[in-house]
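Trainee: predicted model follows, preceded by the sequence.
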Amino acid sequence: MTRAGMMVMGLLLPLGQGWAAEDGDRGWQLTPFAGYSSAIDFDKADDAVPTPHGGAVTSLQGESSANWGFFISKEVDDPGLIELLYSHQSTPLSPTLPDRLTVDTLHFAGVLTLSDNVMAPYIGAGIGVTRFDAHDSETAPSMSLALGVQPRLSEHLALRAEVRGYGSLLDEDGDFLCDPEICAFRVRGDLVTQWQANVGLTLRF
């Protein structure tokens, strides 16, 4: 390792001790975050519908876009966290349509800290509901899995970065993408998946 690399490691090592290891003190954490969500693909449940340019639409897609949200977390002895996760995304639908799709997720989740090293890596999982809203809305049961890091910056601050995958189980013939005048696209009941890459700042209190 180069001398510069050793100096950087020396500076980071004091930041790597997990909060859960400190004197049995189990605090709370609040983490607002922003990130990027992948596209969501919806398959059509009924006959094809004409597009404004001719042809037929057999699927619609909520385009990839920015998202934001927050964690409210309680430290536990594992070490790890139990937490409430909220995520919000608003994105255009394609093929090109004037409509937007809003995706809101609320999960009860857990985190297991794998190591108290510099990056404090963790794995996480959550279960709850996701609400899809376009012309109408549908709330579906959903789950998530995550892999992330939470390097500590000070006694009360840390960074948090993760990749999280979501799966939502939609009802058969969901009509939240239906135009209210002509309901031509009902979503096929299926497991809909999406991933997010998020970065946030954790405040511990």
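Mentor: In hand now; what should we look at?

Trainee: which residue ranges form the strands in the chain?
Mentor: With DSSP state E as the criterion, the chain has strands at 28-37, 40-43, 49-50, 56-57, 59-62, 65-76, 80-94, 100-113, 121-133, 137-149, 157-169, 191-204.

Trainee: which of those has the lowest mean pLDDT?
Mentor: Lowest mean pLDDT within the strands of the chain: strand 49-50, at a mean of 50.

Trainee: still on that earlier bit, mind putting the strands of the chain into CSV with distance to Phe185 and mean neighbour count?
Mentor: In this view, the C-beta of every residue, glycine as well, is placed from N, C-alpha and C. Formatted as CSV, the strands of the chain follow (distance: least, CB to CB, whole Å; neighbours: other CB atoms under 10 Å):
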stretch, distance to Phe185, mean neighbour count
strand 28-37, 21, 18
strand 40-43, 8, 18
strand 49-50, 6, 14
strand 56-57, 7, 12
strand 59-62, 6, 19
strand 65-76, 20, 18
strand 80-94, 10, 18
strand 100-113, 12, 19
strand 121-133, 13, 18
strand 137-149, 13, 17
strand 157-169, 18, 18
strand 191-204, 15, 18
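
Trainee: adding distance to Cys183, write those strands out as CSV.
Mentor: Formatted as CSV, the strands of the chain follow (distance: least, CB to CB, whole Å):
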stretch, distance to Cys183
strand 28-37, 26
strand 40-43, 14
strand 49-50, 10
strand 56-57, 13
strand 59-62, 13
strand 65-76, 25
strand 80-94, 15
strand 100-113, 16
strand 121-133, 16
strand 137-149, 13
strand 157-169, 21
strand 191-204, 19
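
Trainee: which one of those strands lies nearest to Phe176?
Mentor: Using CB to CB as the measure, strand 137-149 is the one of the strands of the chain that comes nearest Phe176, at 4.4 Å.

Trainee: partners of that closest one, with directions?
Mentor: strand 121-133 (antiparallel), strand 157-169 (antiparallel) (DSSP bridges).

Trainee: wait, Arg188 touches Asp43, no?
Mentor: Yes - contact criterion CB atoms under 8 Å: Arg188 and Asp43 qualify, at 4.4 Å.

Trainee: quick one on the thing from earlier: and the strands paired with strand 137-149 as a markdown table, adding distance to Gln89?
Mentor: A markdown table is the format used below for the strands paired with strand 137-149 (distance: least, CB to CB, whole Å):
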| stretch | distance to Gln89 |
| --- | --- |
| strand 121-133 | 10 |
| strand 157-169 | 10 |
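
Trainee: closest to Phe205 out of these?
Mentor: With CB to CB as the criterion, Phe205 lies closest to strand 157-169 of the strands paired with strand 137-149, at 10.8 Å.

Trainee: C-alpha coordinates for that closest one, CSV please?
Mentor: Only the C-alpha atoms of strand 157-169 are listed here, as CSV (Å, rounded to 0.1, in the frame of the first residue of the first chain):
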residue,chain,number,x,y,z
LEU,A,157,-23.3,11.9,11.8
ALA,A,158,-22.7,9.2,9.2
LEU,A,159,-23.0,8.7,5.5
ARG,A,160,-25.3,5.9,4.3
ALA,A,161,-25.2,4.5,0.8
GLU,A,162,-27.0,1.4,-0.5
VAL,A,163,-28.5,-0.5,-3.4
ARG,A,164,-32.0,-1.8,-2.7
GLY,A,165,-34.2,-4.1,-4.8
TYR,A,166,-38.0,-4.0,-4.6
GLY,A,167,-40.6,-6.5,-5.6
SER,A,168,-44.4,-5.7,-5.6
LEU,A,169,-47.2,-8.2,-6.2
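
Trainee: I am finished for the moment; much appreciated.
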